[in-house]
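Chemist: okay, predicted coordinates and the sequence, questions at the end:
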Amino acid sequence: MGDRLSNKVALITGAAGGIGSEMARLFASEGAAVVVADIHQAGAESVAEAITRGGGKALAVAVDISSAARVEAMFRRTSEVFGGLDILVNNAIELAGDGPIVGLEEAAWDRTVDVCLKGPFLCTRGAIPRMQARGGGSIVTISSVNALAAFGETAYTAAKGGLISMMRLVAADYGHLGIRSNIICPGTIETETSMRYWRSHPAGFARLQEMYPMGRIGKPREVAHCALFLASDESSFVTGSVQVVDGGLLAGRPFED
Ligand SMILES: NC(=O)c1ccc[n+]([C@@H]2O[C@H](COP(=O)([O-])OP(=O)(O)OC[C@H]3O[C@@H](n4cnc5c(N)ncnc54)[C@H](O)[C@@H]3O)[C@@H](O)[C@H]2O)c1
């Protein structure tokens, strides 16, 4: 156990699995009291229970981050149990039948953008006054390399691009309150969800890994460590930044003939 987040309360959305659960475990191991917030209640409870069993502090909260009322209830519960908020990680996503723009259903666009962009708006709006009451805070938003180059998925790409603009504005608007806002853009990460797909597409998975200068995709812990740095006081003068965690994907690959 470390102490890089001791006495901090951290709320992580979408923390029932994937990168979110890895951040929850890592933050708790560094001393944070962690709110494991997810639409999947049983998953959130199992992550929170494992943290508590291991000697950490955690609270599971069931929430749909696209609902303003549910988001407010989540913050009220956080304050009741842990007394305030220092760190928010905007991480939850839903990919609702996305794809190229022609043929993309309006309902699929709406749901994806509601969870991936409106959700972080609602969570950030609720978090800032609570952080202000504690004299400052850190907001870490998980965007994607999809926001910076074309990799497919129209609604997701639009939402992830919008997140960079919105969360840099938050850095500019609330820096004077000691509230920092930074963005992480991961490349492909080996989560249960992504690997379920790639296991049934082995040829595509081999080509995908070749796109990465490091010859492999990333691990959830490699994103979680970047989030830990941005959440902790070690990054006290870092705000409005966009951190790429992509094994060199966006750096490109030299031409080989
Ligand atoms: N895995 C990757 O390859 C990859 C690549 C780039 C960026 N990212 C980003 O990293 C973050 C985490 O991705 P992941 O792969 O771990 O995702 P994941 O699908 O494994 O987890 C997302 C979590 O969000 C929860 N969720 C869905 N809708 C919700 C809602 N309305 N309210 C609350 N919770 C909800 C789900 O239950 C799930 O636990 C996302 O922001 C994603 O865009 C992931």
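Modeler: Right, received. Where do you want to start? Residues are numbered from 1 along each chain as shown.

Chemist: mind listing the strands for the stretch 51-200 of the chain?
Modeler: Remark: strands of the stretch 51-200 of the chain, listed N- to C-terminal, are 57-62, 87-90, 137-142, 179-186; assignment by DSSP state E, counting those that start in this stretch.

Chemist: looking at these, which is buried most?
Modeler: Ranked by mean neighbour count under mean count of other C-beta atoms under 10 Å, the strands of the stretch 51-200 of the chain are led by strand 87-90, which reaches a mean of 30. All C-beta spots, glycine's among them, are computed from the backbone N, C-alpha and C.

Chemist: contacts for it?
Modeler: Residues lying outside strand 87-90 but in contact with it, judged by C-beta atoms under 8 Å, 6 or more residues apart in numbering, are 5, 8-13, 15, 20, 23, 27, 32, 119-120, 123-124, 127, 131, 137-142, 163, 167, 227, 231.

Chemist: near the ligand, which residues of this structure are found?
Modeler: By the criterion of C-beta under 6 Å from any ligand atom, the positions of the chain lying close to the ligand are 13-14, 16-20, 38-40, 43, 63-66, 91-94, 115, 142, 144, 186, 188-189, 191, 193-194.

Chemist: could you list which of those belong to helices?
Modeler: Restricting the residues of the chain next to the ligand to those inside helices, with DSSP state H as the criterion, leaves 18-20, 43, 193-194.

Chemist: among these, which pair sits farthest apart?
Modeler: In terms of C-beta to C-beta, those reach their longest pairwise distance at G43 and S194, which sit 16.4 Å apart.

Chemist: who's more crowded, those two?
Modeler: Using other C-beta atoms under 10 Å, the more surrounded residue of G43 and S194 is G43, with 19 against 15.

Chemist: what sits against that one?
Modeler: Neighbour list for G43: 16-17, 21 [criterion: C-beta under 8 Å, 6+ apart].

Chemist: at 6 Å instead, please
Modeler: For G43, the set of contacting residues under the criterion of C-beta atoms under 6 Å, 6 or more residues apart in numbering consists of 16-17.

Chemist: swap in G136?
Modeler: 178-179.

Chemist: hmm, back to that, columns mean pLDDT on top of the strands of the stretch 51-200 of the chain, output as JSON lines?
Modeler: Written out in JSON lines, the entries for these read as follows (pLDDT from 0 to 100):
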{"stretch": "strand 57-62", "mean pLDDT": "98"}
{"stretch": "strand 87-90", "mean pLDDT": "99"}
{"stretch": "strand 137-142", "mean pLDDT": "99"}
{"stretch": "strand 179-186", "mean pLDDT": "99"}
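
Chemist: out of those, which is closest to S79?
Modeler: When the strands of the stretch 51-200 of the chain are compared for distance to S79 using C-beta to C-beta, the nearest one is strand 57-62, at 11.1 Å.

Chemist: how far does that closest one sit from the chain's center?
Modeler: Distance of strand 57-62 from the chain centroid (C-alpha atoms, centre = their mean, to the nearest Å) equals 16 Å.

Chemist: and the contacts of that strand?
Modeler: The set of residues external to strand 57-62 that reach it, using C-beta under 6 Å, 6+ apart, is 28, 33-37, 41, 44-45, 48, 51-52, 74, 77, 81.
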